[in-house]
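[1] what's the 3D shape of this:
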Amino acid sequence: MSSSFRAPSLYPSDEINLVALFQTVKQQKKLIVLVTSGFVLLAAAYAFLATPEYQVSSVLRPVAINELDALNRSEVYKLPPGEALAKLGASLESYETRLGFFRANQPLFSEFERPGRTLEQSFEEFNRDSINLILPDPKKADSLSTYIRLEMSYPKGVDGVTILNSFVQYAIKNERKQIAADLNVIVKNRLNEISGKFNAARASYETNKEAKIASLLEADNIKRARLQDELKALRAQLKTLRVDRIAQLNEAIGIARSLGIVKPTTPSSLGDVARTGSSSVMRTEINNQQIPLYFMGVDALEAERRALAQRGSDDFSEARIAQIAKELQLLQSNREVEVLKSRENEDIFLADVEPLRAEMARLRNLNIDMDNLKLVSIDRAALEPLKAYKPKKALIISGGLIAGLVLGIALALFRSILRVKT
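    Residues are numbered from 1 along each chain as shown. Presented below is the predicted three-dimensional model:
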């Protein structure tokens, strides 16, 4: 009764009396219990009736160096383990990769389909709320190594473990295909580049060969022309000498006739013509001067003149003409030019192409098993969760209890204020 008596004086004075408040709340404990119980029941109903949500995760780490050794030793495509993990992370985060996986595995996502939604809209719901990619914080010094953690939240009825593990394998397979495609393009470009160098070497070889053939033929033509000029000059010289000889013979014949020299004689014999005697005389004549031509006598001189006049060619009288004829005959064909033109496999004569041949053979014989190429190490695959992570029943019921208690107390105080004012 005393508490009831003091309560009215509490509010007009605008002073707070905790004891009075406690008494007021205590008097309306039924209301507080009722409201609190209602909230607890609602919270419990939500906690036990709401669709459970589960969460799974998969951790990926860089692969060992030896797993990528075959690819890196190819000297065509460089892919360190850290970069391989980063490429896969980008693929896992890619909208295109996720949409491709969604389209390729629609039976796994039947729970996300709703009437009236397109495939892309259903995928948006899955992509927005379900899968998260978590990277290590580079600022934290306690991070022992690089890793990627992929988390997936899903409601009951969805096979989240299969979805997450299949998605990781799908991304790895796609990345393998992309690396294989990049490798093929790079190898093809390298081969095209080497083929271009081969073509340049062939063009250079053909140009050099044609230039050499032209140079050889030109040298032969020049030599042939010089020999023909020399032959023509020699023949003209011989003809002139023959004409001069005939003129000399004509002059000598005239002198011999005037002296009556018919047969060959000598100056001393000519002086003894008037002498007669029966004794035989043998003379030895020593003379260091050339005997004039007319001493050969008219008969010999005329015989030589006739022979010179009847001569059809003077070539036999000069040994050089036969030598020139031999050289001209040799110039009819150039064996070096014939050999150059008759080459069948000209690639073996290309200069400085052995490294290109070796590189082309190496690129064509690259044997990298891309299907079994290990890009990342799956440190932890997704496993079936032991319990749902949502809803958190204890937390929800506790929250309902606290919210109901607070609301109940507030209603009790509000009712007390209304009663005082009335």
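[2] where does Ala325 fall, phi/psi-wise?
    phi -60, psi -40 (degrees, to the nearest 10).
[3] please apply the same query to Leu135.
    Dihedral angles (degrees, to the nearest 10) for Leu135: phi -110, psi 150.
[4] spit out the contact partners of it.
    89, 148-149 (Cβ atoms under 8 Å, 6 or more residues apart in numbering). For glycine as for every other residue, the C-beta is placed from the backbone atoms N, C-alpha and C.
[5] now do Ser195
    Counting by Cβ under 8 Å, 6+ apart, the residues that Ser195 touches are Met360.
[6] give me the subset of the contacts of Leu135 that lies in helices.
    Gly89 (DSSP state H).
[7] any quick PyMOL command for the buried ones out of the contacts of Leu135?
    PyMOL command restricting the contacts of Leu135 to the buried ones, with burial defined by 16 or more other Cβ atoms under 10 Å:
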select buried, resi 89+148
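[8] leaving out chain neighbours, which residue sits closest to Arg320?
    Ranked by Cβ to Cβ, 6 or more residues apart in numbering and with sequence neighbours excluded, the top spatial neighbour of Arg320 is Leu234, at 6.1 Å.
[9] my read: the one you found touches Gln323, true?
    No: using Cβ atoms under 8 Å, Leu234 is not in contact with Gln323; the gap is 10.3 Å.
[10] quick one: which of these two has more around it?
    Comparing Leu234 with Gln323 by other Cβ atoms under 10 Å, the one with more neighbours is Leu234, at 17 against 13.
[11] report the contact partners of that one.
    318, 320-321, 324.
[12] just the buried members of those?
    Applying 16+ other Cβ under 10 Å to those flags 318, 321, 324 as buried.
[13] could you dump these to a markdown table with pLDDT and secondary structure?
    A markdown table is the format used below for these (pLDDT from 0 to 100; DSSP: H, G, I helix; E, B strand; the rest coil):
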| residue | pLDDT | secondary structure |
| --- | --- | --- |
| Glu318 | 89 | coil |
| Ile321 | 92 | helix |
| Ile324 | 93 | helix |
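[14] how about CSV for those residues, with distance to Lys263 added?
    Putting the buried ones among the contacts of Leu234 into CSV (distance: Cβ to Cβ, whole Å) gives the following:
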residue, distance to Lys263
Glu318, 31
Ile321, 35
Ile324, 40
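[15] quick check: Ser74 is in a strand.
    No: counting by DSSP: H, G, I helix; E, B strand; the rest coil, Ser74 falls outside a strand, being coil.
[16] tell me the secondary structure at the closest residue to it other than its chain neighbours.
    The shortest distance from Ser74 to any non-neighbouring residue, by Cβ to Cβ, 6+ apart, is to Leu366 (5.8 Å). Here Leu366 is recorded as coil under three-state DSSP.
[17] dump the residue contacts of Leu366.
    Taking Cβ under 8 Å, 6+ apart as the definition, contacts of Leu366 comprise 74, 76, 187.
[18] relative to Leu71, how far out is it?
    10 Å (Cβ to Cβ, to the nearest Å).
[19] and for those two, which residues touch both?
    With Cβ under 8 Å, 6+ apart, Leu366 and Leu71 have no common neighbours.
[20] and the strands in the protein?
    Assigned by DSSP state E, the chain shows strands spanning 53-62, 131-134, 148-155, 376-380.
[21] residue boundaries of the helices in this structure?
    2-10, 18-27, 29-49, 69-72, 81-93, 95-104, 119-129, 160-259, 267-271, 298-310, 319-330, 335-341, 354-364, 393-421.
[22] deepest of the ones you listed, which one?
    helix 81-93 (a mean of 18; mean count of other Cβ atoms under 10 Å).
[23] tell me what angle that one forms with strand 53-62.
    Relative orientation of helix 81-93 and strand 53-62, computed by axes from the mean of the first three to the mean of the last three Cα atoms, to 10 degrees: 150 degrees.
[24] poorly predicted segments of this structure, please.
    Filtered on pLDDT under 70, the chain yields the residue ranges 1-18, 20-21, 24-25, 49-50, 116, 138-145, 270-289, 419-422.
[25] how is it divided into domains?
    30-52+388-404, 207-271+291-351 (the TED database).
[26] to Glu96, which of the ones you listed lies closest?
    domain 30-52+388-404 (29.4 Å; Cβ to Cβ).
[27] what about that closest one, start to end distance?
    13 Å (Cα to Cα, to the nearest Å).
[28] ok, stretch 91-98 next?
    8 Å.
[29] with stretch 370-388 instead?
    Using Cα to Cα, the end-to-end distance of stretch 370-388 comes out at 39 Å.
[30] for that stretch, give me every contacting residue.
    52-64, 67-68, 70-71, 84-85, 87-88, 147-148, 152, 156, 160-161, 164-165, 168, 172, 175-176, 179-180, 183.
[31] again, 6 Å this time
    52-54, 56, 58-61, 63, 67, 84-85, 88, 161, 164-165, 172, 175-176, 180 (Cβ atoms under 6 Å, 6 or more residues apart in numbering).
[32] and what of stretch 243-253?
    293-294, 298, 301, 304-305, 308.
[33] what bridges to the residue nearest to Gly160 when sequence neighbours are not counted?
    Counting by Cβ to Cβ, 6+ apart, Tyr154 is the residue found nearest to Gly160 once chain neighbours are left out, at 3.9 Å. With DSSP bridges applied, Tyr154 shows beta-bridge pairing to Tyr54.
[34] what is the burial count for Tyr154?
    By other Cβ under 10 Å, 23 other residues sit near Tyr154.
[35] that one and Thr162 touch, don't they?
    No: assessed by Cβ atoms under 6 Å, Tyr154 is found out of contact with Thr162, at 10.5 Å.
[36] mutual contacts of the two, please.
    With Cβ under 6 Å, 6+ apart as the test, Tyr154 and Thr162 reach no residue in common.
[37] who are the contact partners of Tyr147?
    Contacts of Tyr147 by Cβ under 6 Å, 6+ apart are 59, 61, 136.
[38] nearest to Thr265, of these?
    Distances from Thr265 to those, taken as Cβ to Cβ, are shortest for Arg61 (128.9 Å).
[39] residues contacting the closest one?
    147, 377, 379.
[40] could you do Ile261 as well?
    Counting by Cβ under 6 Å, 6+ apart, Ile261 has contacts Gly297.
[41] picking that back up, turn the contacts of Arg61 into JSON lines, including distance to Ser215.
    Compiled in JSON lines, those are given as follows (distance: Cβ to Cβ, whole Å):
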{"residue": "Tyr147", "distance to Ser215": "70"}
{"residue": "Ser377", "distance to Ser215": "66"}
{"residue": "Asp379", "distance to Ser215": "72"}
